[in-house]
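Engineer: pasting the structure only:
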């Protein structure tokens, strides 16, 4: 089996200017993808991006590579990642490409591919593109060169799609909502979706300058949203990440509501209405509180590997519809094909409107276990099976007994090892996480 060199957990990602996130690589990547997709004749490939400054350069390089391989290019500008999945499908494109590093800061960027069905490329397609990367770039005959054009109504199409994901009669006229756009790809579409559905909105962090995406804002840094909800006396706050496929919320008391708890709210709503299809899929990072809350309601719960593509695969395998990650990637397959922050937020708001309950009340049925997540920076690939690390893990698990669990994994998007510990005893959880992190640091030197 071909071992991929560039594609990781969620596409290709890295620091701009350092291979592979360079203009010359993107030119070659565009050509490699175009050669594969245009092998049977002319094809259309959509390109969207978030708001980071490097998007201009990388988008242009991809466009040139695709056109040189005979593919036509549709440009939509800054749009959320799930919007590209939707537009790829509805515009009958053979693929969609997102230029984004998701929740990372502006110095990073990356590439994600979607197929014509709105799903991310599978391993086989990614491997086929990588094999083409090893070939010399050969421009097709002039008569076969691709064209590029801009889709002017892309935003309006996606906004209507989001609004159609909820019942036609549903509105949010009685809700005051603070929306944090992370200076990212949702900065134009998210305010319009919620305001057109009747909500009174206060928008923060919606002035992207190419450098401020995810900078002390959005779903990874929600402190400013918490403050704004309290200051504005809002019913809730909604925070997206830089590319709009993640969402977390803040309740009326300024308390964070993460992806696990949002998943519980959506599950509970569907269960009460008798429309929950099967069970729910979490990940190895999902809080034990979500698992226990699901099982108390006799809802099957399984864990997938980290990454929304793995959650999606488990959902498809079981013919279920609802899954997600604690980070805020939430997939509602009855509404869309991928994690979508706006659509997930709309599902939660609909539950509030149907029940007449506040967000704090809706989340009261799930009690989270104390959980600590530490990121240990590494400069080299670390073997987590070394005796030093394994001995530390065994000792730590023994101290937690069956009232806790430990997860240690290398990130697929950053040069870090993630240490996650959760359990019933909060002080023990914190001590254990730090002890393991210290051992990992020692092993990484």
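Structural biologist: Nice, I can see it. The structure presented is a predicted model; accordingly, all values stated were derived computationally and were not measured.

Engineer: residue 295: neighbour count?
Structural biologist: Using other CB atoms under 10 Å, residue 295 is surrounded by 12 other residues. The way it works is simple: take the backbone N, C-alpha and C, and place the C-beta from them, glycine included.

Engineer: what segments of the stretch 101-250 of the chain are helices?
Structural biologist: 123-133, 154-163, 189-196, 223-232 (DSSP state H, counting those that start in this stretch).

Engineer: tell me the pLDDT of the residue positioned nearest the centre of the chain.
Structural biologist: Nearest to the mean C-alpha position of the chain, by CA atoms, centre = their mean, lies residue 245 at 4.1 Å. pLDDT recorded at residue 245 is 97.

Engineer: for it, give its distance to residue 371.
Structural biologist: Per CB to CB, to the nearest Å, residue 245 is found 22 Å from residue 371.

Engineer: also residue 222?
Structural biologist: 17 Å.

Engineer: also residue 78?
Structural biologist: Noted for residue 78: a distance of 33 Å to residue 371, by CB to CB.

Engineer: could the helices of the stretch 101-250 of the chain be laid out in a markdown table, adding mean neighbour count and mean pLDDT?
Structural biologist: Converted to a markdown table, the helices of the stretch 101-250 of the chain look like this (neighbours: other CB atoms under 10 Å; pLDDT from 0 to 100):
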| stretch | mean neighbour count | mean pLDDT |
| --- | --- | --- |
| helix 123-133 | 16 | 95 |
| helix 154-163 | 19 | 98 |
| helix 189-196 | 20 | 98 |
| helix 223-232 | 18 | 98 |
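
Engineer: now the ones you listed as CSV including distance to residue 142?
Structural biologist: Below are the helices of the stretch 101-250 of the chain laid out as CSV (distance: least, CB to CB, whole Å):
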stretch, distance to residue 142
helix 123-133, 21
helix 154-163, 29
helix 189-196, 38
helix 223-232, 52
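
Engineer: ok, which of the ones you listed comes nearest residue 181?
Structural biologist: helix 189-196 (5.8 Å; CB to CB).

Engineer: how about residues contacting the closest one?
Structural biologist: 79-80, 83, 155, 158-159, 162-163, 172, 177, 179, 181, 201, 203, 206, 238, 240, 244, 342, 346 (CB atoms under 8 Å, 6 or more residues apart in numbering).

Engineer: residue 351: what secondary structure?
Structural biologist: Under DSSP: H, G, I helix; E, B strand; the rest coil, residue 351 falls in the helix class.

Engineer: from residue 426, how far out is it?
Structural biologist: For residue 351, the distance to residue 426 equals 29 Å [CB to CB].

Engineer: same deal with residue 132?
Structural biologist: Per CB to CB, residue 132 is found 51 Å from residue 426.

Engineer: one more: residue 122?
Structural biologist: When residue 122 is compared with residue 426 (using CB to CB), they lie 40 Å apart.

Engineer: next one: residue 263
Structural biologist: Using CB to CB, residue 263 is found at 22 Å from residue 426.

Engineer: looking at the two, which is more packed in?
Structural biologist: Comparing residue 263 with residue 426 by other CB under 10 Å, the one with more neighbours is residue 263, at 32 against 13.

Engineer: which helix or strand contains that one?
Structural biologist: Assigned by DSSP states H and E, residue 263 belongs to helix 259-273.

Engineer: and for the helix or strand following that helix, what are the contacting residues?
Structural biologist: Heading C-terminal from helix 259-273, the first helix or strand you meet, by DSSP H and E, is strand 280-283. For strand 280-283, contacts defined as CB under 8 Å, 6+ apart pick out 260, 263, 267, 290-291, 294, 299-307, 310-311, 314-315, 318, 320, 322-326.

Engineer: now do the buried residues in the following helix or strand past strand 280-283.
Structural biologist: Next along the chain after strand 280-283, taking DSSP H and E as the criterion, comes helix 288-296. The neighbour-count check on helix 288-296 (16 or more other CB atoms under 10 Å) flags 288-291, 293-294 as buried.

Engineer: out of the residues you listed, the closest to residue 114 would be?
Structural biologist: Using CB to CB, the buried residues of helix 288-296 come closest to residue 114 at residue 290, 27.8 Å.

Engineer: got the contact list for that closest one?
Structural biologist: Contact analysis of residue 290 by CB under 8 Å, 6+ apart lists 260-261, 263-264, 282, 301, 366, 368.

Engineer: so what's the residue count around the residue lying closest to it once chain neighbours are set aside?
Structural biologist: Leaving aside its sequence neighbours, residue 290 sits nearest to residue 260 (CB to CB, 6 or more residues apart in numbering; 4.4 Å). Neighbour count for residue 260, taken as other CB under 10 Å: 26.

Engineer: now do the same for residue 260: its pLDDT.
Structural biologist: We have a pLDDT of 97 for residue 260.

Engineer: for residue 306, same thing?
Structural biologist: Listed pLDDT for residue 306 reads 87.

Engineer: again with the one 4 residues further on
Structural biologist: The predicted local confidence for residue 310 comes out at a pLDDT of 91.

Engineer: ok, the residue nearest to residue 290 touching residue 371?
Structural biologist: No. The criterion here is CB atoms under 8 Å, and residue 260 misses it with residue 371 at 9.2 Å.

Engineer: find residues that contact each of those two.
Structural biologist: residue 287.

Engineer: do me a favour and get the end-to-end distance for stretch 195-208?
Structural biologist: For stretch 195-208, the first-to-last residue distance is 20 Å (CA to CA, to the nearest Å).

Engineer: in that stretch, what's buried?
Structural biologist: 197, 199, 201-206, 208.

Engineer: what is the nearest of those residues to residue 229?
Structural biologist: Using CB to CB, residue 202 comes nearest to residue 229 of the buried residues of stretch 195-208, at 9.0 Å.

Engineer: show me the beta-bridge partners of the closest one.
Structural biologist: Judged by DSSP bridges, the bridge partners of residue 202 are residue 178.

Engineer: now residue 171. Nearest residue, chain neighbours left out?
Structural biologist: Excluding its sequence neighbours, the residue lying closest to residue 171 (CB to CB, 6+ apart) is residue 198, at 4.1 Å.

Engineer: so who does the one you found touch?
Structural biologist: Neighbouring residues of residue 198 by CB under 8 Å, 6+ apart: 171-173, 175.
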